[in-house]
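A.B. asks: Just to be clear, the model below is a prediction. Sequence and coordinates:
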Amino acid sequence: MWKEFKEFIFTGNVIDFAIAVILAAAVGLVVTGFVNDIVMPVVGEFAGGTDFGSMKHVLSAAEVAADGTVTKAENAIRYGSWFNSIINLLIVGWVLFMLAKAKIRFMGAAPDPGPTADQELLAEIRDAVRK
């Protein structure tokens, strides 16, 4: 069993997938930083100086004791953070779209593999039935 597991783990596909997941996490952090630190301040400036990240609808306010400690945390719907997530999604989607277009342009579209043996057999049966 150990030998099978070792063969599975060290196949190229598993290692490639692990690298892709790690890179995706890093790209996600970069995109989140780009949106939160560069895009949203510009959007907020055009929207009258609004900070979208802090926008929320408070359902119940925080309760603070006389000594300043929070006895009950605030409960709020943070729609500003959700808006930032939507912007993240749109940017990542756009970048992936542009990468796919560039790949197709430079490498060419994948050649049509043609019909499989099953499809050819079904086509022959279809043609025989038509006759």
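C.D. replies: All right, it came through fine.
A.B. asks: Pull stretch 45-53 out as CSV, backbone CA atoms only.
C.D. replies: Taking C-alpha atoms only, stretch 45-53 is exported to CSV below (Å, rounded to 0.1, in the frame of the first residue of the first chain):
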residue,chain,number,x,y,z
GLU,A,45,-13.0,58.4,-4.5
PHE,A,46,-15.3,58.6,-7.5
ALA,A,47,-18.2,57.5,-5.2
GLY,A,48,-17.8,60.6,-3.0
GLY,A,49,-15.0,59.3,-0.7
THR,A,50,-16.7,56.2,0.4
ASP,A,51,-14.7,53.3,1.9
PHE,A,52,-16.5,50.2,0.6
GLY,A,53,-14.6,47.8,2.8
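A.B. asks: List the buried residues in it.
C.D. replies: Neighbour counts over stretch 45-53 (16 or more other CB atoms under 10 Å) mark 52-53 as buried. Every C-beta, even on glycine, is put in place using the N, C-alpha and C of the backbone.
A.B. asks: pLDDT of it, averaged?
C.D. replies: The average pLDDT for stretch 45-53 rounds to 82.
A.B. asks: Make 37 the first number, not 1, from now on.
C.D. replies: Done: numbering now begins at 37, and the last item shifts to stretch 81-89.
A.B. asks: Report the separation between the residue lying closest to residue 91 once chain neighbours are set aside and residue 105.
C.D. replies: Residue nearest to residue 91 in three dimensions, not counting chain neighbours: residue 116, with 3.1 Å by CB to CB, 6 or more residues apart in numbering. As judged by CB to CB, to the nearest Å, residue 116 and residue 105 stand 27 Å apart.
A.B. asks: who's more crowded, these two?
C.D. replies: Taking neighbours as other CB atoms under 10 Å, residue 116 and residue 105 compare with residue 116 leading, 18 against 8.
A.B. asks: Could you pull up phi and psi at the more buried one?
C.D. replies: Per-residue torsions, residue 116: phi -70, psi -40 (degrees, to the nearest 10).
A.B. asks: Show the pLDDT at it.
C.D. replies: Note on residue 116: pLDDT of 87.
A.B. asks: From residue 93, how far off is it?
C.D. replies: Going from residue 116 to residue 93 by CB to CB gives 10 Å.
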